[in-house]
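# Structure for the following, please:
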Amino acid sequence: MKRVIIVGPGAAGKSTLAARLGGITCLPVIELDKLFWRPGLAPTPRDEWAVIQRRLAAQESWIMDGDLGPYDVLDIRLHAADAIVFLDFSPFRCAWRAIRRSPERADFWKWLLLYRRRSRPVLRQAIAAYASDADVYVLPTPRAVRRFVTKIASDVPDTP
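Reported below is the predicted structural model:
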């Protein structure tokens, strides 16, 4: 794994998992939310976001975490990725985490609550269309995430 994408609904733990994997693999972590959202939570224009992603994806190795829903230009990352980690958590688990994390805007809640019906099918189709050669890991629970992290940690060779 040299180019890893982590996707999933809001409050699933994408950034936390990215940081953990970055620490294990020594791959640079790119948190897309920090690059995408402008002051006042204004989205980056789609064409500008595509240019930014092409630049990021051209790097030799990375872990990119983020799922920007309808604003995203996902195919660019998918083409470049060799591994995709999909945190496929229930809306109830993510809603609970979001409530505990911080206040969110109404558009976040709408996206989160409709994720399984709207965003998830689009994401799965995009993975099939643009990342057929990538390893795909669908992790439906925190336990599955812990097992995945343990497996990755055991596969990383010890450094001298």
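# Quick check: mean pLDDT of the longest helix seen in the chain?
Identified as the longest helix of the chain according to DSSP state H is helix 142-155. For helix 142-155, mean pLDDT is 96.
# That one packs against which elements?
Packing partners of helix 142-155 (3 or more Cβ pairs under 8 Å, 6 or more residues apart in numbering; DSSP states H and E): helix 14-25, strand 135-139. No exception for glycine: its C-beta is placed from N, CA and C like everyone else's.
# In JSON lines: those, plus mean pLDDT.
Rendered in JSON lines, the data for the helices and strands packed on helix 142-155 read as follows (pLDDT from 0 to 100):
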{"stretch": "helix 14-25", "mean pLDDT": "97"}
{"stretch": "strand 135-139", "mean pLDDT": "97"}
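# Tell me which of those lies nearest to residue 98.
Shortest distance between residue 98 and these, using Cβ to Cβ, is found for helix 14-25: 12.6 Å.
# buried set for the closest one?
Using 16 or more other Cβ atoms under 10 Å as the test for burial, helix 14-25 gives 14, 15, 17, 18, 20, 21, 22, 25.
# And for stretch 31-51?
Within stretch 31-51, the residues scored as buried using 16+ other Cβ under 10 Å are 31, 32, 36, 44, 49.
# now stretch 61-75
Quick answer for stretch 61-75 (16+ other Cβ under 10 Å): 62, 63, 64, 65, 66, 67, 68, 69, 72, 73, 74.
# do stretch 141-151 as well
By neighbour count with 16+ other Cβ under 10 Å, stretch 141-151 contains the buried residues 145, 148, 149.
# Could you pull up the residues touching the last one?
Remark: with contacts taken as Cβ atoms under 8 Å, 6 or more residues apart in numbering, residue 149 is in contact with 17, 20, 21, 24.
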